[in-house]
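[1] coords please:
(2 chains)
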There are 2 protein chains.
Amino acid sequence: MDNFTFYNPTKVEFGAGKEQQIGQHLAEHGIKKVLLCYGSERIKRDGLFAVVSQSMATHGIALIECGGIVSNPVLSKVREAIALARGNQVDAVLSVGGGSVLDSAKAIAAGTMYAGDVWDLFIGKARIEAALPVFDILTLAATGSEMNSGAVVTNEDTKEKFAIHSVLSFPTVSIINPALMQTVSRDYLVYSAADIIAHAIEGYFTASVQPRFHSRMVEAIVGTVIETTETLLNDPADYAARAEFAWASTQALNGLIYAGTAGFSYPNHMIEHALSALFNVPHGAGLSVVMPSWMRWYHSRNPAQFERFAKTVFGVDGALQGIAALEAWFDKIGTPTRLSQLGIHAADLPAIIDNVLGNARYFGIADIYTRDVVTPILNNAL
Amino acid sequence: MDNFTFYNPTKVEFGAGKEQQIGQHLAEHGIKKVLLCYGSERIKRDGLFAVVSQSMATHGIALIECGGIVSNPVLSKVREAIALARGNQVDAVLSVGGGSVLDSAKAIAAGTMYAGDVWDLFIGKARIEAALPVFDILTLAATGSEMNSGAVVTNEDTKEKFAIHSVLSFPTVSIINPALMQTVSRDYLVYSAADIIAHAIEGYFTASVQPRFHSRMVEAIVGTVIETTETLLNDPADYAARAEFAWASTQALNGLIYAGTAGFSYPNHMIEHALSALFNVPHGAGLSVVMPSWMRWYHSRNPAQFERFAKTVFGVDGALQGIAALEAWFDKIGTPTRLSQLGIHAADLPAIIDNVLGNARYFGIADIYTRDVVTPILNNAL
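    Just a heads-up that it's a prediction; the model follows:
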């Protein structure tokens, strides 16, 4: 096992009704005024906004609204929100939504406390030295952002989908109520399943140091996602399955399954970020397209682990059989496995490949993911 | 899944050489003088004490020595150490040792800041309202104390082995260097294996709410302990196995596998605490005796889970076959499975049973664990 530091100070409040306590949590941390970030107006229609604002009012906490954050969240919105946060002198950012809103909230929280332009923090021009505290009420389980220190935002001008990471960016309190996820659409449920699986398997397959204990944990997560997704497709109101799905999602990217591994990379995310940056496809849908094709290219570099995956997750023998089983499962649940299903065709590949090669430099794996490697992976996914 | 709060602020520094940074960690937290708790003088002979004191000296941190903490740590020593801590006005407690030293350190840290007698905190007469920060360098993986908020101490006068739990008792920084565990005796390695398995399975078998995801995580831990124990018995110097064993031990009792479960209890610990309180047997050795006998009494209350355990952990069919496989594995590695191996005989049972019944009240399960239940469990373990 590689040497590591594990530190995850986020307090998770998990369960039915927990969103009603948001005012109390904010008050316990001395918060007086928050920037409340959200996506569509749906949280107003379904009553969540009312619950949140009521809880805050009870504790005398003022809120400044910042709605309209979109999936694959964009830099222009983050900049706009930072101006709002500064103008109103908020002392915390509250995200009510999924990973896109929460990632934006983390960027806003760091950007508000940084004198320059927030994109500097994404491109390594400056480090995060301070950030407003971030709180969140999660309404979609997929990104794991609720218990980690990362955030991904797309710069629409440069078409770069980049990330920040800082110990200052862990949410202070994350509220995860699976019941709030019950109305997630069928499409976003299966995209989320693909996203969680991608988080779990990137290290599992690519790490040069991958303890078996960690592989077992990954298999526990992937097995849970497969099982609970099928349950939820049959019965979206199954709270127990929704809860396991959500908690597995959190565990997939809170550091647990990566602590002590080494030499891993995120090639599927590197490739997918080009798809969502250029074509605004749902991140999970992009991942379910990329994964099988990437796996078919990569498996011979780590055959024992691919055979292990095939056996433990799908009960089949052989690396290729395991990949086929995963692809078949994606097809079965209805998340795309072909670029054409995303409306992306051969003519689009040159631009995508150029973007991927930019990401490869950013992800630190440009030596492996050259044009000659990326081209067939994408071609085979057409 | 049951509603839960998950909050674990301990920073874990895991890996070879990490103990050399202890001075830096203490300094970062503004510590000037620590009570350095340890067990035998072995840490002086093997050089660990020198490394620790050197690192502290480099950062200008003074230390007050408090050696002689024994396995199944005792209240009298904790009281003595509290007097030492107060007399010297230390501002932190540093544990260098295994779970017994660390549990004592937690009790000392809380007791120093409590005006009354520290045992009040164990029997619920008072709550922990403040505690000195605790740091530790772990030399034995078993108790999981390095990443949780609990501590178990024995009152020699009353023969009660009771616990404290407080959010103030999480270690601030825990240093886990598997290389420091290489010299753990063969006996303590296998006792530790039994202890970790006990931590993992108490909830697994007894919880009324036990999500499958959590069962999978437990099985990952138990599978890892079984595999790495066998590796270490063949080669105590296998660092990779030592590391997986240690990290599985931490995960077994850091809250992860219990968050969201409900209605569980710790019957094996409840029974074992009587053995170690009265006969000072190694805690893990007592647990490997209690577990098979308890499991044979309990399995019909949760047959599906026992069948699952048999299948996933040992690849056998049937609850009783799984229990037999665990017992056979304990026999194989050489941790006791009979009270007689601990020097405990039929004549000793009445006193043990009385002590267990006291523990049952303390553990909140006296309604289930009556004399009529406890007696055959212990009789069958003779």
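
[2] Quick check, central residue of chain A?
    Chain A has A:Thr143 as the residue nearest its centroid, 2.2 Å off, counting by CA atoms, centre = their mean.

[3] Close to chain B: what parts of the stretch 251-382 of chain A are there?
    A:Gln251, A:Leu256, A:Ala259, A:Gly260 (CB under 8 Å from any CB of the partner chain). Backbone N, C-alpha and C define where each C-beta goes, glycine included.

[4] could you dump those to JSON lines with distance to B:Met295?
    Output for those, formatted as JSON lines (distance: CB to CB, whole Å):
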{"residue": "A:Gln251", "distance to B:Met295": "28"}
{"residue": "A:Leu256", "distance to B:Met295": "29"}
{"residue": "A:Ala259", "distance to B:Met295": "32"}
{"residue": "A:Gly260", "distance to B:Met295": "31"}
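
[5] now A:Ile196: how far from A:Tyr298?
    For A:Ile196, the distance to A:Tyr298 equals 20 Å [CB to CB, to the nearest Å].

[6] which of the two has more neighbours?
    Between A:Ile196 and A:Tyr298, A:Ile196 has the larger neighbour count (other CB atoms under 10 Å in any protein chain shown), namely 29 against 19.

[7] who does the particular helix or strand that has the more buried one in it touch, helix- and strand-wise?
    Per DSSP states H and E: A:Ile196 is located in helix A:186-206. Using 3 or more CB pairs under 8 Å, 6 or more residues apart in numbering or on different chains; DSSP states H and E, the elements in contact with helix A:186-206 are helix A:212-234, helix A:239-252, helix A:267-279, helix A:283-298, helix A:303-314, helix A:319-333.

[8] if we go to 7 Å?
    Helix A:186-206 is packed against helix A:212-234, helix A:239-252, helix A:267-279, helix A:283-298, helix A:319-333, with contacts defined by 3 or more CB pairs under 7 Å, 6 or more residues apart in numbering or on different chains; DSSP states H and E.

[9] Averaged pLDDT, that helix. What do you get?
    Averaged over helix A:186-206, pLDDT sits at 98.

[10] That one: how far from the chain's middle?
    Computed by CA atoms, centre = their mean, to the nearest Å, the separation of helix A:186-206 from the middle of its chain amounts to 9 Å.

[11] buried ones in that helix?
    In terms of neighbour count (16 or more other CB atoms under 10 Å in any protein chain shown), helix A:186-206 has its buried residues at A:188-206.

[12] which ones are touching the nearest residue to the residue nearest to the centre of chain A once chain neighbours are set aside?
    Nearest residue to A:Thr143, sequence neighbours excluded (CB to CB, 6 or more residues apart in numbering or on different chains): A:Gly99, at 2.8 Å. By CB atoms under 7 Å, 6 or more residues apart in numbering or on different chains, the residues touching A:Gly99 are A:Leu140, A:Ala142, A:Thr143, A:Ser145.

[13] If we use 6 Å, what do you get?
    With contacts defined as CB atoms under 6 Å, 6 or more residues apart in numbering or on different chains, A:Gly99 is in contact with A:Ala142, A:Thr143, A:Ser145.

[14] Repeat that for A:Ser71.
    A:Ser100.

[15] could you redo the last one with a cut-off of 8 Å?
    When contacts are counted by CB atoms under 8 Å, 6 or more residues apart in numbering or on different chains, A:Ser71 touches A:Gly39, A:Gly98, A:Ser100, A:Asn280, A:Pro282, A:His283.

[16] Quick check: A:Cys202 vs chain B, distance?
    If you look again at residue A:202, you'll see it is Glu, not Cys. Separation of A:Glu202 from chain B (CB to the nearest CB, to the nearest Å) stands at 19 Å.

[17] can I assume that residue is in contact with A:Met270?
    No: using CB atoms under 8 Å, A:Glu202 is not in contact with A:Met270, being 9.4 Å away.

[18] Within range of chain B, give me the residues from the stretch 1-150 of chain A.
    By CB under 8 Å from any CB, the residues of the stretch 1-150 of chain A that approach chain B are A:1-18.

[19] swap the cut-off to 10 Å and go again
    Within the stretch 1-150 of chain A, the positions adjacent to chain B are A:1-18, A:147 by CB under 10 Å from any CB of the partner chain.

[20] Need the buried ones from those residues selected in ChimeraX.
    The ChimeraX command for the buried members of the residues of the stretch 1-150 of chain A next to chain B (criterion: 16+ other CB under 10 Å) is given here:
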select /A:1,2,4,6,7,8,10,11,12,13,14,15,18,147
